[in-house]
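S.K.: got a predicted structure plus its sequence, pasted below:
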Amino acid sequence: MNPITRRKLITTGTVAVAGATGLAAAARIAERYGLIPPDHGTLYGAGETLTYACQRVLTAHRPMREFPRSMISTPFVSPYGKLPPAFSASQANHFTDWRLVVDGLVTHPLSLSIADLRALAVRSQITEIACEEGWSYIAEWIGTPLSAVLREAGAIPQARYVAYFCIQHGLWDSVDIEEANHPGTLLTWGMNGGDLPVDYGAPLRLRVPRQIGYKSLKFLTRITVADSLKDFGKGLGSSSPEDGYAWYAGI
Ligand SMILES: Nc1nc2c(c(=O)[nH]1)N[C@H]1C(S)=C(S)[C@@H](COP(=O)(O)O)O[C@H]1N2
Ligand SMILES: [Mo]
């Protein structure tokens with residue numbers, strides 16, 4: 001879609017949904033600063049644009065919420081469906097052959113083992129994971145900041161998004177570069193003092209603590225740095241909007 005049509009769509013869409021010209025102005029500011037979420041063209045697009053743009057403008061550098069160790073709670077096992085045979089094969093090798101491929105707009109594409117990630121940088125944090133279905137729990141997550149990997153790979157300045165994929169076919173997500181570089185956005189391989197259990201995404205999961213649970217994809221295999229997401233999947237920024245869930249899901 002060219003910028004003019006897109007601007008018109010956002011402006012008129014916003015007026016139709018919100019019935020207020022002040023919000024149309026907000027949509028123009030969103031466009032000016034590039035704060036248009038990839039799922040802006042869906043049924044809830046105008047609302048999604050406002051949510052995303054407002055959160056980014058008003059709370060760009062808001063910290064994630066961290067908790068004391070005494071508040072760690074019983075983890076909730078959320079069903080994640082079937083894992084392919086390749087998963088069991090790697091599990092039999094204690095995931096020593098598991099690789100995280102880092103490609104796209106980087107000067108040094110990488111293929112990292114869990115040991116490589118551990119050697120790069122380690123951070124631990126106690127945060128809450130909340131599912132859109134209503135439950136949540138607090139855990140200690142241990143891993144390597146995504147920002148450290150992006151630095152190592154030499155993500156180029158034009159990069160705007162990081163898309164990430166897992167061993168479950170068709171399930172993928174993405175974050176903008178601000179979220180990707182936030183120190184809390186963690187390539188997680190440990191939990192509550194031990195290795196990350198399979199139920200919680202072993203051997204590697206991306207924790208995105210400032211967004212809702214489904215952004216924290218388990219069984220991570222690949223991250224791709226991009227300047228646009230229109231050629232990924234159905235072009236909505238992740239598989240969630242294809243099922244009616246928001247791409248940006250700040251909490
Ligand atoms: N690969 C993969 N990652 C996934 C899911 C999934 O089904 N497969 N479910 C998501 C959803 S909807 C939520 S709420 C969280 C649940 O995380 P938990 O099992 O640690 O509670 O994982 C997310 N990551
Ligand atoms: Mo969820």
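M.R.: Good, I have the coordinates. Residues are numbered from 1 along each chain as shown. Ligands and ions are numbered 1, 2, ... in the order given.

S.K.: on the three-state scheme, K82 is what?
M.R.: coil (DSSP: H, G, I helix; E, B strand; the rest coil).

S.K.: so what's the nearest residue to it once chain neighbours are set aside up against?
M.R.: Leaving out its chain neighbours, the residue that sits closest to K82 by C-beta to C-beta, 6 or more residues apart in numbering is Q168, at 7.8 Å. Where C-beta positions appear, they are placed from N, C-alpha and C, glycine not excepted. Q168 makes contacts with Y80, G81, K82, L83, P84, F219, as judged by C-beta atoms under 8 Å, 6 or more residues apart in numbering.

S.K.: ok, which pair from those residues is furthest apart?
M.R.: The span of the contacts of Q168, defined through C-beta to C-beta, is set by Y80 and P84 at 12.2 Å.

S.K.: what separation is there between P63 and ligand 2?
M.R.: 23 Å (C-beta to the ion, to the nearest Å).

S.K.: kindly give the local confidence score, pLDDT, for whatever residue of the stretch 101-250 of the chain ends up closest to ligand 2.
M.R.: Closest to ligand 2 within the stretch 101-250 of the chain is C131: 3.4 Å, counting by C-beta to the ion. Model confidence at C131, given as pLDDT, is 95.

S.K.: on that earlier part again, any idea of the pLDDT on the residue nearest to K82?
M.R.: The predicted local confidence for Q168 is 97.

S.K.: now the contacts of Q168 as TSV including distance to R99 and neighbour count?
M.R.: TSV is the format used below for the contacts of Q168 (distance: C-beta to C-beta, whole Å; neighbours: other C-beta atoms under 10 Å):
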residue	distance to R99	neighbour count
Y80	20	16
G81	22	6
K82	21	6
L83	16	16
P84	15	11
F219	12	21
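
S.K.: nearest to ligand 2, of these?
M.R.: For those, the nearest to ligand 2 is Y80 (9.7 Å; C-beta to the ion).
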